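Asker: below are the sequence and a predicted model for it; my questions follow.
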Amino acid sequence: MVVLCLLWGLQQVAIKACAIQMSPTVQVSLRSLLAAFLVTGMMLLRRESLSLRDGTFRPGVLVGLLFGAEFLAVSVGLNYTTAGHMTVFLYTAPIFTVLGFHWLVREERMNRAQWLGVAISFAGIVMAFSGSLFVPGGRNLLIGDAFGTLGGILWAATTLVIRGSRLSEAPATKTLLYQLIGAAVLGLPFAWFTGRMDHITWGPMLWGNLVFQTLVVAFASYLFWFFLLTKYLASRLSVFSFLTPLFGVTFGVLLLNEPLDWRFVLGAVLVLAGIMVVNRK
């Protein structure tokens, strides 16, 4: 889990580092398309069913669109904000997830301590947003931060649909395939119509980044995450996910020289503290 969190924290930094050579939207869409072929090949080798008549088609399409919209928000937001900011705001998803379960699933209703955690996290979001006002390019940072938060909301919606549909009983490979196809179907046309396909500069750094994004992040890490969920309690694994924003911010500072404002740091700490309170039973 520590290695997975390190990889997920690094992915935003890797996308941002190659943004001049290839738009983040094109990077995310291309890695999703290539990873979808890899997952399909893996399913064929393992003789897993690709049938759409198992009750997963409709929720699968919805999950694919939500997942695609999430990473579309992330890729567009990275044009405005830093990789560290994007990682922190994207990982507000657990807060929106528990809020969704509270309203939709009676057995998942929150207690007072969890409501306190939600309040702490939202206070942290406000504080982190305010930190963007006091650094150079603050207006652009706010736009990117908003896209990151939207990505967190869409991630939470994806989780709710999976938990509440036949996808919760489907193989992890099939659920991932729906998500990857959705990201490619939404991202590539968007990149084409907005002219982001016209400015690509191929080089060793970009090729290495695409290999990392496709093989390591979109294919191997997601599948290994699903594998871990079959072996360990989700609540225990989720505790480690708090490391991802920390890795993202650290890599952003060390590798991209991204600035840090104390208000953003304090806000990020409050967000993570609130998430820990919410997930504590």
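Answerer: Received the coordinates, thanks. Residues are numbered from 1 along each chain as shown.
Asker: what pLDDT does Ser75 get?
Answerer: pLDDT for Ser75: 94.
Asker: pretty sure it contacts Arg31?
Answerer: No. Using Cβ atoms under 8 Å, Ser75 is not in contact with Arg31; the gap is 10.5 Å. In this view, the C-beta of every residue, glycine as well, is placed from N, C-alpha and C.
Asker: list the buried residues for stretch 118-136?
Answerer: Neighbour counts using 16 or more other Cβ atoms under 10 Å place Val118, Ile120, Ser121, Ala123, Gly124, Ile125, Met127, Ala128, Phe129, Ser130, Gly131, Ser132 of stretch 118-136 among the buried residues.
Asker: and the first one, helix, strand or coil?
Answerer: This means Val118. Assigned with DSSP: H, G, I helix; E, B strand; the rest coil, Val118 falls in the helix class.
Asker: can you tell me how far it is from Asn279?
Answerer: Computed with Cβ to Cβ, to the nearest Å, the distance linking Val118 and Asn279 is 11 Å.
Asker: which residues do these two both contact?
Answerer: With contacts taken as Cβ atoms under 8 Å, 6 or more residues apart in numbering, Val118 and Asn279 have Val98 as neighbours in common.
Asker: pLDDT wise, what is the most centrally placed residue in the chain at?
Answerer: Centroid check for the chain by Cα atoms, centre = their mean gives Leu90 as the closest residue, at 6.0 Å. Leu90 is assigned 94 on the pLDDT scale.
Asker: could you number the chain from 41 rather than 1 from now on?
Answerer: Understood, numbering begins at 41; the last thing we discussed is Leu130.
Asker: my guess is it contacts Leu190. True?
Answerer: No. Using Cβ under 8 Å as the test, Leu130 is too far from Leu190 to be in contact (9.4 Å).
Asker: how many residues are close by the nearest residue to Ala159 once chain neighbours are set aside?
Answerer: Distances taken as Cβ to Cβ, 6 or more residues apart in numbering place Gly314 nearest to Ala159, at 7.3 Å, with adjacent residues excluded. Around Gly314 there are 24 other residues, counting by other Cβ atoms under 10 Å.
Asker: ok, Gly314 touching Trp155?
Answerer: No. Between Gly314 and Trp155 there is no contact under Cβ under 8 Å: 10.3 Å.
Asker: mind putting the buried residues of stretch 158-176 in JSON lines, secondary structure included?
Answerer: Shown next, in JSON lines, are these (three-state DSSP):
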{"residue": "Val158", "secondary structure": "helix"}
{"residue": "Ile160", "secondary structure": "helix"}
{"residue": "Ser161", "secondary structure": "helix"}
{"residue": "Ala163", "secondary structure": "helix"}
{"residue": "Gly164", "secondary structure": "helix"}
{"residue": "Ile165", "secondary structure": "helix"}
{"residue": "Met167", "secondary structure": "helix"}
{"residue": "Ala168", "secondary structure": "helix"}
{"residue": "Phe169", "secondary structure": "helix"}
{"residue": "Ser170", "secondary structure": "helix"}
{"residue": "Gly171", "secondary structure": "helix"}
{"residue": "Ser172", "secondary structure": "helix"}
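Asker: now, which of those sits nearest Val66?
Answerer: Of all those, Val66 sits closest to Ser172, with 25.8 Å by Cβ to Cβ.
Asker: the residue nearest to that closest one when sequence neighbours are not counted: what secondary structure?
Answerer: Excluding the flanking residues, the one nearest Ser172 by Cβ to Cβ, 6+ apart is Leu181, at 3.8 Å. Of the three states, Leu181 takes helix according to three-state DSSP.
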